[in-house]
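Chemist: sequence below, structure please.
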Amino acid sequence: MNATYTCNGLSYPATIRLEGKGLFIELHRADGAGTVLWQYASIRPSERASFFGYNDYPPQTLEVLDAVLTSQLHEALRNPANRFRASRFGPLAKLLAIVLVLFSLVYFLVVPWVSGLLASRFPYSYEKQLGEQVYRSMVQPSDIDKPATAAANRFFQALQFDSEHPVRITVVKGDVVNAFALPGGHIIVYQKLLRGLDSYDEFAALLAHEFVHVRNRHTLRSVFRQFGGTIFLSLLVGDAGAVSAVLLNNVNELKNLSYSRRLETEADMEGLQLLRQRGISCRGFVQLFRFLQKESGAMQPSEWLSSHPDLSKRIGSIQRSGTCTEGNKDEQLHSLFLQLKTAE
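Modeler: Numbers count the residues shown, from 1 in each chain. Coordinates of the predicted model:
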């Protein structure tokens, strides 16, 4: 191990290696290994030579413990094209390129379709049970801000989003700017994110976005895509319980689960439609994304280098949307938001 990787306040020992595609970070966790890829174009050196940041959300940092690797990484950031030269294409390389293209087509076209199909056929009773198991393993009672949780649920109920199944908001303590949905109807919001919101329409936009993830089963679909091989084989032999085991063994990944660009855009646009139906201003989305943009750093990675759409492009899409209206002030939501901000 030659580095320490930190994301969302959690630190892991890691082994890094420099390759042509980027910096590979192999994490060594108690629940198993995992690998993170940092694109060179998005790595941000700091004032301390051995510390590096990454221009993506959620914020990530890396401390390199090996002086030689630190020097090599700085050299790669200065001129990665000269450090890693592509080899000439011979017949074998062309064949490999064709295989990679076919594999990419399968991964980006077939896998999402199969993931969506499996998620749509997965019984809601299993999904709810699965979500409860993951929630209990992830959120301890002492982590919950009970007054804020009660206020957040009152706010959500006042939004009157039409939902086939119950949705529950939980506000958790922690110096992390994050919110995410779990299978079965749980939405987790961190205190620090709430503190950064200035108006009720920002919180409404956040909940609308996460609610669409819940309603459209995006979390389940993304989980099936990320752990598709194991889950598919489990369902094939009728072992639905193995799905729970897969998720419980990878519970930390759910905090930073990356949705596809298509699912994130779907959550933005359908969430915006929900706000329009409720007469809430679209500026909530714009202000929310600007806050997240500020938290993740001034520079944003290219859309194609990220598993999420670029925040600047998401802001532009919201502003260009034909459903974007200013809306009138909702006194009920304004009052409930003030209760949430002052909950103790």
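Chemist: secondary structure class of residue 61, three-state.
Modeler: Three-state assignment for residue 61 (DSSP: H, G, I helix; E, B strand; the rest coil): strand.
Chemist: was I right about it contacting residue 48?
Modeler: No: between residue 61 and residue 48 there is no contact, the gap being 10.6 Å when judged by C-beta atoms under 8 Å. The C-beta positions use only the backbone N, C-alpha and C, and glycine is treated the same way.
Chemist: just give the nearest non-adjacent residue to residue 23, would you?
Modeler: Leaving out its chain neighbours, the residue that sits closest to residue 23 by C-beta to C-beta, 6 or more residues apart in numbering is residue 38, at 4.3 Å.
Chemist: phi, psi for the one you found please.
Modeler: Note on residue 38: its backbone torsions stand at phi -100, psi 120 [degrees, to the nearest 10].
Chemist: what number of residues lie near it?
Modeler: The number of residues packed near residue 38 is 24, by other C-beta atoms under 10 Å.
Chemist: related to what we said a few turns ago, out of residue 61 and residue 48, which sits in the more crowded spot?
Modeler: residue 61 (15 against 9).
Chemist: ok, now which ones touch the more buried one?
Modeler: 5-7, 51-54 (C-beta atoms under 8 Å, 6 or more residues apart in numbering).
Chemist: Throw those residues into a markdown table and include distance to residue 318, thanks.
Modeler: Formatted as a markdown table, those follow (distance: C-beta to C-beta, whole Å):
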| residue | distance to residue 318 |
| --- | --- |
| 5 | 32 |
| 6 | 31 |
| 7 | 27 |
| 51 | 34 |
| 52 | 32 |
| 53 | 27 |
| 54 | 25 |
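Chemist: just send those back as a markdown table, with pLDDT and secondary structure too.
Modeler: Listed next are those as a markdown table, based on pLDDT from 0 to 100; DSSP: H, G, I helix; E, B strand; the rest coil:
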| residue | pLDDT | secondary structure |
| --- | --- | --- |
| 5 | 93 | strand |
| 6 | 91 | strand |
| 7 | 87 | strand |
| 51 | 94 | strand |
| 52 | 94 | strand |
| 53 | 92 | strand |
| 54 | 90 | strand |
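Chemist: any chance of the residues you listed in JSON lines with distance to residue 136 and neighbour count as columns?
Modeler: Shown next, in JSON lines, are the contacts of residue 61 (distance: C-beta to C-beta, whole Å; neighbours: other C-beta atoms under 10 Å):
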{"residue": "5", "distance to residue 136": "27", "neighbour count": "24"}
{"residue": "6", "distance to residue 136": "26", "neighbour count": "15"}
{"residue": "7", "distance to residue 136": "23", "neighbour count": "20"}
{"residue": "51", "distance to residue 136": "36", "neighbour count": "15"}
{"residue": "52", "distance to residue 136": "35", "neighbour count": "23"}
{"residue": "53", "distance to residue 136": "33", "neighbour count": "19"}
{"residue": "54", "distance to residue 136": "31", "neighbour count": "23"}
